[in-house]
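Trainee: Fold the following for me, if possible:
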Amino acid sequence: MHWDVQFISKEVYPDMVSAKGTLTNIFAVKIQPHEDILTMLEKFVHDNNITSGVIATGLGSLESVSYFDPEELPDRPGEYAYQNPVEWEDVTELIGISGIICEDDEGAPSLHIHYAVADKKGNTFSGHMNYGNRVFATTDIIIIEFDGIKMGRKLDPVFNLPLFYPTEKQGKKD
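Mentor: Take a look at the predicted model:
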């Protein structure tokens, strides 16, 4: 379905939403063999109290793959969700990963990650990262933490999805 947002009011969709902050920390993270990437990243951001930042880049190898692609909801035409994971177990190259680290309504870190992988034949696949992506040899990830920005998400009234909504924060992180 094509979403024609040109007829939606500027109150619902301003031209752009932005927030300005500063870089506070850069972390290089190495995830060990057999560990689940999403579980380890959630643990890392929680342990380091990172609620605003990005997963800037990453690469490595996987022994299992699990991701989602958006699917239209059969009982709600025009609405999409991540429902049925694409999964396999085989050595696969992780050729790119990126994402946002947001703060949920309770102030806890919340990750939204997409990535791309390539199988042994060079076929590429990409989507929204799910649990079940276990490291084969290594996975190396760079995380950048921000200050002064609340990296949040809020329910979008048109798409009925929680979408990225950054705002500026007052004061510095503790």
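Trainee: tell me the SS of V17?
Mentor: Here V17 is recorded as coil under DSSP: H, G, I helix; E, B strand; the rest coil.
Trainee: How about the contacts made by it?
Mentor: Counting by C-beta atoms under 8 Å, 6 or more residues apart in numbering, V17 makes contact with Y165, P166. Any C-beta I mention is one placed from the backbone N, CA and C, and that applies to glycine too.
Trainee: Which pLDDT value belongs to it?
Mentor: The predicted local distance difference test score for V17 is 83.
Trainee: ok, now the one 10 residues further on?
Mentor: Reading off the confidence values, F27 has pLDDT 98.
Trainee: Can you classify it as helix, strand or coil?
Mentor: Per three-state DSSP, F27 ends up strand.
Trainee: In this protein, what helix or strand scores lowest on average pLDDT?
Mentor: strand 80-81 (a mean of 78; mean pLDDT, DSSP states H and E).
Trainee: So in that sheet, which strands flank that one, and in what orientation?
Mentor: If you go by DSSP bridges, strand 80-81 pairs up with strand 71-72 (antiparallel).
Trainee: Touching the partner strand from outside, list them.
Mentor: M1, G78, E79, Y80, A81, Y82, Q83, N84.
Trainee: Only C-alpha atoms, please: export stretch 35-49 in PDB.
Mentor: Only the C-alpha atoms of stretch 35-49 are listed here, as PDB (Å, rounded to 0.1, in the frame of the first residue of the first chain):
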ATOM      1  CA  GLU A  35      26.200 -15.000  22.300                       C
ATOM      2  CA  ASP A  36      22.900 -13.500  21.100                       C
ATOM      3  CA  ILE A  37      23.600 -10.000  19.700                       C
ATOM      4  CA  LEU A  38      20.400  -8.400  20.800                       C
ATOM      5  CA  THR A  39      20.600  -9.800  24.300                       C
ATOM      6  CA  MET A  40      24.200  -8.600  24.700                       C
ATOM      7  CA  LEU A  41      23.500  -5.100  23.300                       C
ATOM      8  CA  GLU A  42      20.500  -4.700  25.700                       C
ATOM      9  CA  LYS A  43      22.700  -5.800  28.600                       C
ATOM     10  CA  PHE A  44      25.400  -3.400  27.500                       C
ATOM     11  CA  VAL A  45      23.200  -0.300  27.200                       C
ATOM     12  CA  HIS A  46      21.400  -1.200  30.400                       C
ATOM     13  CA  ASP A  47      24.700  -1.700  32.400                       C
ATOM     14  CA  ASN A  48      26.100   1.600  31.000                       C
ATOM     15  CA  ASN A  49      22.800   3.500  31.400                       C
END
